[in-house]
Structures are given as structure tokens and as C-alpha cells.
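> got a structure for you, letters missing:
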């Protein structure tokens, strides 16, 4: 049971995120949630938040040598937190009220996400100097994937294409810088088992 | 002497590239116009020598018995020669998809070479795939930022540049991903230096 005592943190983030998404989708008349595809987010966000824990459990089942290993709940929490931050930003209307909120999110959310992934994927596998490259690179891949997704979903048939170029480069740089910070922190965290 | 002799292939690639760059910088042919050949004549050889220089300071100087990773150096240098050759053959203008192919293939070669250099430091081997793909994505992003700084920020190409940039980033990262997979398939041995670094807890 003690192996699962830290599960409350990712569980809390998941529940808080899903609750806000449900309010956004099912409570009518809240203007800040309108036209932002919260129906799709209600399905996609929990699925993406649970993807890393699910893959971790599948990998652990295949590898008998790690079957008694405690789950990295703190790392799961870091991976889940950006989804919660995004929804909470919408709940408090921060994207409209704070000009830099979107930019700040690209930096901070990538730092959180890549920090969590770095702890799970790279901390035990790589020497410290390579961890920084690996986590930063993973952040760059995810940032490129995100921007390609935005192009496919919103921009390719839209009117924002004139301004999208420099916005996209800015978001890519912010996300990758966030991942770089995460890489430094993961590399600095060493290999002690209590971090995850 | 054996160490130097083993480097004949990357040395040949470097020599051909420098000779081709010098000739291009002197040429008045149309395909070389406005392509900053004097800058390339300095930048390309310097970039080609980054990996051998790092290897020398990190490994070669400390471990006199180690053989230079000539194949990895050649793969890292090949995209520069390929780019130059395509300019000589005017392929960027005569073949529509040459630029796209170059982004994919050059990142594949470059990142495969980097992968071969890093492979002895990485266990388990599957970690090489996200590591090499990530390094490719970083290099692709750096390249696109360089293009923005050098050509686009004061120009009028911004609207066309958006989809080109996303395409180039995707092609480069895909090439790097394939390089990561290929690196995991190649046999590698953990070098003395890598073993020593891992033994010290991974610090270097």
C-alpha cells in the first residue's frame, strides 16, 4: 500500500481537470468556454493524461526485473499538470486577461511535461550531460508536433496564416526553452529514487 | 599513424567540400547567385569539424589507443558535400522536391552520425530513438531560426514561410527518427571512456 501512497497527487490533478472540463462542456452560458472545443478536450485531455501512466504499467508488466518498482507518481503528476494548467487558465479567463499567459504556458507547460517524461524515460538510462540533450530534444519534438497539430486543426483553412509564422517560431522556442530548463533540473536531480 | 590513416574517408569528404566551395565562391554561374558562398566557405568546414574536434577533446586525447569513429564523422560531413553537389548540379531549381528530400536525407545522415558517436553512452538502446530524434528536432529548429534571422524577418516571405517551415521541421525530425532507429540496429561496443563515465555515475 505504501507503494501507492503518492498516487493521490496525479489523481487529484486528473479529477480537478476533468471536473473543470465537465463544467465547461455541460454548464450552459459561460462565455469564456464557448467556441473552444471543450467537448473534444473532455475526451482528449484525460486520455492524454492517462497515456504515460498506462504505457509505464505496460512496460513494467513486460519487464519482470522492475515489477516490484514503485510507480513514479510525482513524474506522472508533472506530465498531467500542463493539462490542468491549461483548463484552469480557461476557467479563470487568464488567456484573455493576461497578455503573456499563452507564452508563459508554452514555456511552463513544456517544462512540466518534459520534466516528468525526462524523469521516467531518461534519468536512469543516460549520463547527466546527455539527459539535458534528450529532454530538450523531446521538448522540441513535442513542440513541433503541437504546432503541426495546430496547423492541421485550425490554421490551414483559416485566416490566421499571415501571422502564424512568427507565432509558431515563438511558441517552438518557448516550449524548447522550457524543456531545456526541465533537462537541467532532471540532470541535476541525480539518480536518487525519491525524486519520482 | 594508423589513427590518421583510418580518417581518409571523412578527410576526402572535407577536402572535396572545401574545393567545391572555393570554386563556387569564384563562379559566376546563375545557380550560385546570392547564396552567400563566401560565408559558406568558412562556415561549412568549421561545422564539419565540430564533431571530430569534440571527439578529440572528449576521447582521443585521453585514450591514445582509441580509433576515431571515421564512419560517424563521414556521415556528419556528408550533408555538406551533398548540399554543395546539388548546387553544382542545380538540383534545387530543376527538381521541385529536392529541397524536401534534402531536409529528410541530410538530417538522416547527420543524426545517424551523431547517433553512432553517442550510442556507446546509452543503455538501454531504445533510448537512442527518442534521443536522436530529439537532437534532430533541435537542429531542425535551430536551422529554421537561422533562416528566419538571416532571410525572412525583414522580408516578405512570412506567409509562405509558415508552411515551408512546418514541412522542413517535420521532414528533418522524421529523418532523425529514422536515424535513431538505424543507430539501434548497428552493433556498438561500450568504449573505455563511456564505461569510465558510467562508472562515475554518468558525470563528465
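Arrived safely. Everything numeric in this text was worked out from a predicted model, so none of it was measured.
> rest of the way, CA atoms for contacts and neighbours
Noted.
> can you tell if the longest helix along chain A touches chain B?
If you go by DSSP state H, chain A has its longest helix at helix A:161-188. Yes: Helix A:161-188 lies within reach of chain B by Cα under 8 Å from any Cα of the partner chain, at A:161, A:162, A:163, A:164, A:165, A:166, A:168, A:169, A:172.
> any idea how far residue A:42 lies from residue A:153?
Here the criterion is Cα to Cα, to the nearest Å. By it, residue A:42 lies 17 Å from residue A:153.
> Give me the more crowded residue out of these two.
Per other Cα atoms under 10 Å in any protein chain shown, whichever of residue A:42 and residue A:153 has more neighbours is residue A:42, with 19 against 11.
> circling back: just the buried ones among the residues of helix A:161-188 next to chain B, please.
A:161, A:162, A:164, A:165, A:166, A:168, A:169, A:172 (16 or more other Cα atoms under 10 Å in any protein chain shown).
> buried sites along the longest helix seen in chain B?
Selection of the longest helix in chain B by residue count, based on DSSP H, yields helix B:158-185. Residues B:158, B:161-163, B:165-166, B:168-184 are the ones in helix B:158-185 that count as buried (16+ other Cα under 10 Å).
> and if you look at stretch A:174-191?
Across stretch A:174-191, burial judged by 16+ other Cα under 10 Å covers A:174-187, A:189-191.
> just stretch A:132-139 next, same as before
Result for stretch A:132-139 [16+ other Cα under 10 Å]: buried residues A:132, A:133, A:134, A:135, A:136, A:137, A:138, A:139.
> which residues touch it?
A:110, A:114-115, A:117-118, A:122, A:175-180, A:182-184, A:186-187, B:130-138 (Cα atoms under 8 Å, 6 or more residues apart in numbering or on different chains).
> Contact residues of chain A facing chain B?
Residues of chain A lying close to chain B by Cα under 8 Å from any Cα are A:121-122, A:125-129, A:133-141, A:144, A:147-148, A:161-166, A:168-169, A:172.
> Please repeat the previous calculation with a cut-off of 7 Å.
Contact residues, chain A versus chain B (Cα under 7 Å from any Cα of the partner chain): A:125-129, A:133-134, A:137-138, A:140-141, A:148, A:161-162, A:164-165.
> and which of those residues is nearest residue A:101?
Taking Cα to Cα as the measure, residue A:101 lies nearest residue A:164 of the residues of chain A next to chain B, at 17.6 Å.
> how far away is the closest one from residue A:104?
To residue A:104, residue A:164 is 18 Å away according to Cα to Cα.
> do the same with residue A:82
Going from residue A:82 to residue A:104 by Cα to Cα gives 12 Å.
> do residue B:40 as well
The value you get for residue B:40 to residue A:104, if Cα to Cα is used, is 37 Å.
> Which one of the two is surrounded by more residues?
For residue B:40 versus residue A:104, neighbours defined as other Cα under 10 Å are more numerous around residue B:40 (19 against 16).
> what's the span of stretch A:31-40 from first residue to last?
With Cα to Cα as the measure, stretch A:31-40 spans 17 Å from end to end.
> And the average pLDDT for it is what?
With pLDDT averaged residue by residue, stretch A:31-40 scores 85.
> Now that stretch: buried residues?
Within stretch A:31-40, the residues that count as buried by 16+ other Cα under 10 Å are A:33, A:38.
> Tell me which residues are up against it.
If you take Cα atoms under 7 Å, 6 or more residues apart in numbering or on different chains as the criterion, stretch A:31-40 is touched by A:21, A:24, A:25, A:90, A:93.
> Next, the last one: phi, psi?
Residue A:93 adopts backbone torsions of phi 60, psi 30, taken as degrees, to the nearest 10.
> For it, which residues are in contact?
Applying Cα under 7 Å, 6+ apart, the residues near residue A:93 are residue A:32.
> out of everything not next to it in sequence, what's closest to residue 108?
In the absence of a named chain, chain A is used. residue A:178 (6.0 Å; Cα to Cα, 6 or more residues apart in numbering or on different chains).
> oops, I was thinking of chain B
Once flanking residues are discounted, residue B:108 sits nearest to residue B:175: 4.3 Å by Cα to Cα, 6+ apart.
> Return the per-residue confidence for that neighbour.
Looking at residue B:175, its pLDDT reads 98.
> you'd agree it is up against residue B:110?
No: between residue B:175 and residue B:110 no contact is recorded; they are 9.2 Å apart, counting by Cα atoms under 7 Å.
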